[in-house]
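K.L.:
would you be able to build a 3D model of this:
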Amino acid sequence: MQASVAIQVLPGTTDDNEVIRIVDEVIAYIKSTGLNYYVGPFETTIEGDSYDQLMDIVKECQYVAINAGCESVSAYIKVCYKPEGGVLTIDKKVTKHH
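P.N.:
Purely as a prediction, here's the structure:
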């Protein structure tokens, strides 16, 4: 695996139900990519073999949130990139804690 990203999408709304609905749509999009992902309480982590594919997914998450009905969206992104591969997997990072 070449890269992993963690994304926290923050829809521009103060209505908690709307926040949950919009974030759920973003997570559904991430799921539809077919990549391995892990949903945490603050962010979703995605891992893959293509840095460019992950960056495209990060970008698309913003569009999904806007298309879901919010006027603005903020996102916090963490990226781990190792071109030659060998990035720690989600399983290696969290399995022992669950």
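
K.L.:
residue contacts, the residue lying farthest from the centre of the chain?
P.N.:
Most distant residue from the mean C-alpha position of the chain: E84, 22.4 Å away (Cα atoms, centre = their mean). By Cβ atoms under 8 Å, 6 or more residues apart in numbering, E84 lies in contact with Q2. From N, CA and C alone the C-beta is placed, and that goes for glycine too.

K.L.:
so it: helix, strand or coil?
P.N.:
Here E84 is recorded as coil under DSSP: H, G, I helix; E, B strand; the rest coil.

K.L.:
which per-residue confidence value corresponds to it?
P.N.:
For E84, the model assigns a pLDDT of 92.

K.L.:
CA atoms only: put the helix or strand hosting I7 into PDB for me.
P.N.:
I7 is part of strand 3-11, with elements assigned from DSSP states H and E. What follows is strand 3-11, C-alpha atoms only, in PDB (Å, rounded to 0.1, in the frame of the first residue of the first chain):
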ATOM      1  CA  ALA A   3      -0.900   5.900   0.900                       C
ATOM      2  CA  SER A   4      -3.600   6.400   3.400                       C
ATOM      3  CA  VAL A   5      -5.600   9.500   4.100                       C
ATOM      4  CA  ALA A   6      -7.900  10.500   7.000                       C
ATOM      5  CA  ILE A   7     -10.700  13.000   6.200                       C
ATOM      6  CA  GLN A   8     -13.000  14.800   8.600                       C
ATOM      7  CA  VAL A   9     -15.800  16.500   6.600                       C
ATOM      8  CA  LEU A  10     -17.600  19.400   8.400                       C
ATOM      9  CA  PRO A  11     -20.700  20.500   6.700                       C
END
